[in-house]
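Asker: Sequence and predicted structure, then a few things I'm wondering about:
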Amino acid sequence: MNEVKEYILTDWLPVTKKEALLRGWDELDILLFSGDAYVDHPSFGTAVIGRLIESMGLRIAIVPQPNWRDDLRDFKKFGAPRLFSAVTAGAMDSMVNHYTAGKRLRSDDAYSPAGRSGMRPDYAVAVYTKILKDLYPETPVVIGGIEASLRRFTHYDYWSDSLKPPILAESGADLLIYGMGEKPLMELVKLAAKNIPLQSLKNLRQSAYLAGIDEKLPEMKNVEDIELYSHEECLGNKKKFMENFLITEKVCSGKGDVRLIQKCGDYKVIVNPSWGSLSSDETDRGFDLPYTRMPHPKYKNGGVPAYDMIRHSVTTHRGCFGGCSFCAISAHQGKFISSRSEKSILSEVEQVAAMPDFKGYVSDLGGPSANMYRMGGEDLLICGKCIRPSCIYPGICSNLNYNHLPLIDLYRKSGKIKGVKKIFVSSGVRYDLCMPEKKTDSERNFCGPYIEELVKEHVSGRLKVAPEHTSDKVLNLMRKPSYNLFVKFKSLFERISEKAGLKQQIIPYFIASHPGSDIEDMAELAFKTADEGLKLEQVQDFTPTPMTLSSVIYYTGIEPYTGEKVYSARGKGDREKQRLFFFWYLKENRSRIRSMLKSMGRIDIEKKLFKG
């Protein structure tokens, strides 16, 4: 086996004053406040940002899950940092973390020790920031992470059922870093370390800040300024909010260098252009830092469930060009893929293999979508002019290089590392990306060999895919392929598994109550999935989240690209009825489902589901 390293307390970034002093630090340059427990692993953004700052020679401490309800000692224990405080809600938006799609409080939290709930506030970024600004008004606060990133403009907030202002205006933070923050944060830290006032950094890419309503903006070379409708205009007119979304999605999809401006009260929010996707070297840097790959020792009496799920997994890339309407990955991580080098990935697999609890099985080798590693546009000049939100819907772009061979090679090389018995793929596979219509396209991009390799060698008994629905009407709104393609993939999966003598299942994910889905669509879903021999497990109700097309449709009742009116199940009763059809096979649901089918005149489905 590979050599196992023994760790000491100072191998983690400090979380207490005592730990900082153990490093010889009596003053800190930066404090990072997070809504998550501190897990020193590259899958956790807080650890990545902390390690990057440390690698720049600065003194940083992490304050994980500070108590905001007592005397605020967690916010005071280090005093004011020399440069700035940084705030993130954690790996999830705090409201998604706290509440179910039915707006019920969750009983657990995968990013807290022992899965305990209630370890962070609602709207954590704003709460933490306001506390810090009250305690240390002269110390700048920089906000980032998914909650801050996706709330950078006026956004629909499902939990209050209202439009909320840009988070900079609500929180009072001095600067917002959006998207994957390594590159802008490193630029920010370099400048702040030179004692350049943070408030003067007006041209920092991938950042946002508040300016006076009449303040003249500094020039940004070759950058186009676009002014969105103001927050107040959006409050009074859903169509204007919808038109703002169309602009922001096009910018996120690659519409050149654009600086977006939105007025809100006595200020205007300035959102500078992004850096774009990172190179392999830049992506590697964040993954190759000296992580312990373990939770901080303070959690010895209760593990962190999110860590337990990924402890033996390795990320290959970031970003997603799928463009699903209900997903905000492209608005946060980017539409263009940032892939790690093969060397960096194999090095991390070796580290996993050296972990004392490793039994030979890498639980996942993948990314937001498992099979997008090293994929992207053939001609990047074409990509720079393209505003398609998805590279694979309604069909695979002719400019897309989706060659699966580098991924096949990566699987095989990873599997040869000492101590590794199997490499599993548990992140979601985009089957529409490896099943093109033309045979020549499939052959050129090694799609058949990829599917064979995947099914025979990398399925741990169950393969996750996400058809999401069976109705073409709903799937078109989701920007997902026809359900028929899933049926075709399932048949291929089962044929390859049977031929190889493998007992394996395909586990499909489905969503109820997505805009466009009505009760009859769900009844059809029940019948079609039953016809495929599926008893659904991985299901969820649609949750509108900021900066997604589906949320805009849910709030406005209109598909913004077509102007078409769209039904959404908004009431608790309507949403519960839709969800019920996922579990038609349970005896306790049978009479209610039969009654609904009869009321909608679908006796045909009732007879097929319940065999007369």
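Answerer: Structure received.
Asker: Give me the spatial nearest neighbour of Arg321, chain neighbours excluded.
Answerer: Careful, residue 321 is Phe and not Arg. Cys391 (3.9 Å; CB to CB, 6 or more residues apart in numbering). C-beta coordinates here come from the backbone N, C-alpha and C atoms, glycine included.
Asker: Contacts only, for that neighbour.
Answerer: Cys391 makes contacts with Phe321, Gly322, Gly323, Lys335, Gly377, Cys397, Leu400, as judged by CB atoms under 8 Å, 6 or more residues apart in numbering.
Asker: Closest one of those residues to Leu132?
Answerer: Nearest to Leu132, judged by CB to CB, of the contacts of Cys391 is Lys335 at 33.1 Å.
Asker: thought the closest one was touching Gly254?
Answerer: Yes. With contacts counted by CB atoms under 8 Å, Lys335 reaches Gly254, the gap being 6.3 Å.
Asker: Low-confidence stretches in this protein?
Answerer: The chain contains residues with pLDDT under 70 at 1-5, 612.
Asker: biggest helix in it, by residue count?
Answerer: Counting by DSSP state H, the longest helix found in the chain is helix 483-499.
Asker: Within the sheet, what are the partner strands of the next helix or strand after that helix, with directions?
Answerer: Downstream of helix 483-499, the next assigned helix or strand under DSSP states H and E is strand 505-512. In the sheet, strand 505-512 lines up against strand 462-468 (parallel), strand 539-541 (parallel) (DSSP bridges).
Asker: ok, now which ones touch Tyr209?
Answerer: Here Tyr209 is in contact with Leu168, Asp174, Leu175, Leu176, Gln199, Leu201, Lys202, Val269, Ile270 (criterion: CB under 8 Å, 6+ apart).
Asker: is it true that Tyr156 touches Ile553?
Answerer: No. Counting by CB under 8 Å, Tyr156 stays clear of Ile553, with 10.2 Å between them.
Asker: Counting neighbours around each, name which of those two comes out higher.
Answerer: Per other CB atoms under 10 Å, whichever of Tyr156 and Ile553 has more neighbours is Ile553, with 27 against 23.
Asker: does the more buried one really touch Met478, like I thought?
Answerer: No. The criterion here is CB under 8 Å, and Ile553 misses it with Met478 at 10.2 Å.
Asker: Give me the common contacts of the two.
Answerer: Listed as contacting both Ile553 and Met478 by CB under 8 Å, 6+ apart are Ser325.
Asker: before we move on, back to that, nearest to Ser599, out of the strands paired with strand 505-512?
Answerer: With CB to CB as the criterion, Ser599 lies closest to strand 539-541 of the strands paired with strand 505-512, at 21.7 Å.
Asker: Pull the next helix or strand after the closest one out as CSV, backbone CA atoms only.
Answerer: Counting by DSSP H and E, the next helix or strand C-terminal to strand 539-541 is helix 549-556. This file holds the C-alpha atoms of helix 549-556, laid out as CSV (Å, rounded to 0.1, in the frame of the first residue of the first chain):
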residue,chain,number,x,y,z
LEU,A,549,-34.9,29.8,-16.2
SER,A,550,-37.3,27.4,-14.4
SER,A,551,-37.6,29.8,-11.5
VAL,A,552,-38.3,32.7,-13.8
ILE,A,553,-41.1,30.7,-15.5
TYR,A,554,-42.5,29.7,-12.1
TYR,A,555,-42.6,33.3,-10.9
THR,A,556,-43.8,35.0,-14.0
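Asker: relative orientation of helix 549-556 and strand 505-512 in degrees?
Answerer: Put simply, helix 549-556 runs at 30 degrees to strand 505-512, going by axes from the mean of the first three to the mean of the last three CA atoms, to 10 degrees.
Asker: and the next helix or strand along the chain from helix 549-556, what does it pack onto?
Answerer: Scanning forward in sequence from helix 549-556 by DSSP H and E, the next helix or strand is strand 558-559. When contacts are defined as 3 or more CB pairs under 8 Å, 6 or more residues apart in numbering; DSSP states H and E, strand 558-559 packs onto helix 238-252.
Asker: ok now the helix it packs on, how far from the chain's centre?
Answerer: Offset of helix 238-252 from its chain centre (CA atoms, centre = their mean, to the nearest Å): 20 Å.
Asker: same thing with stretch 111-127?
Answerer: Centroid separation for stretch 111-127 versus its chain: 18 Å, with CA atoms, centre = their mean.
Asker: Show residues contacting that stretch.
Answerer: Residues contacting stretch 111-127 (CB under 8 Å, 6+ apart): 35-37, 65, 68, 87-92, 94-95, 97-98, 105-109, 128, 143, 145, 147-148, 151, 159, 167, 170-171, 173, 295, 299, 301-306.
Asker: These in strands, which ones?
Answerer: Among these, DSSP state E puts Val87, Thr88, Ile143, Pro295 in strands.
Asker: Setting aside sequence neighbours, what's the nearest residue to Lys77?
Answerer: Per CB to CB, 6+ apart, closest to Lys77 is Lys17, 5.6 Å.
Asker: who touches the spatially closest residue to Val429 that is not a sequence neighbour in this structure?
Answerer: Spatial nearest neighbour of Val429, excluding adjacent residues (CB to CB, 6+ apart): Ala370 at 4.7 Å. Shown in contact with Ala370 (CB under 8 Å, 6+ apart): Val425, Ser427, Gly428, Val429, Arg430.
Asker: Is there a neighbour count for the second one? I'd like the number.
Answerer: By the criterion of other CB under 10 Å, Ser427 has 18 neighbours.
Asker: which one of the contacts of Tyr209 sits closest to Met56?
Answerer: Ranked by distance to Met56 (CB to CB), those are led by Leu201 at 16.4 Å.
Asker: Please tell me how far the closest one sits from Lys255.
Answerer: As judged by CB to CB, to the nearest Å, Leu201 and Lys255 stand 24 Å apart.
Asker: before we move on, the earlier item: from the chain's centroid, how far away is the longest helix of the chain?
Answerer: Chain-centre distance of helix 483-499: 28 Å, with CA atoms, centre = their mean.
Asker: cool, and stretch 9-16?
Answerer: Its chain's C-alpha centre and that of stretch 9-16 lie 27 Å apart, by CA atoms, centre = their mean.
Asker: which outside residues touch that stretch?
Answerer: 19-20, 22-23, 25, 38, 40, 47, 50-51, 54, 60-64, 77, 290, 292, 296-298.
Asker: Strands of the stretch 351-500 of the chain, residue ranges please.
Answerer: Assigned by DSSP state E, counting those that start in this stretch, the stretch 351-500 of the chain shows strands spanning 361-362, 364-366, 376-377, 400-401, 422-423, 462-468.
Asker: Adjacent strands (with direction) for the third one?
Answerer: In the sheet, strand 376-377 lines up against strand 400-401 (antiparallel) (DSSP bridges).
Asker: how does this protein divide into domains?
Answerer: The chain breaks down into these domains under automatic domain parsing: 9-271, 312-459, 461-612.
Asker: how long is the shortest one from one end to the other?
Answerer: Length of domain 312-459, first residue to last, CA to CA, to the nearest Å: 15 Å.
Asker: same thing with stretch 153-166?
Answerer: Terminal residues of stretch 153-166 lie 4 Å apart, using CA to CA.
Asker: chain center to that stretch: distance?
Answerer: How far stretch 153-166 lies from its chain's middle: 19 Å, per CA atoms, centre = their mean.
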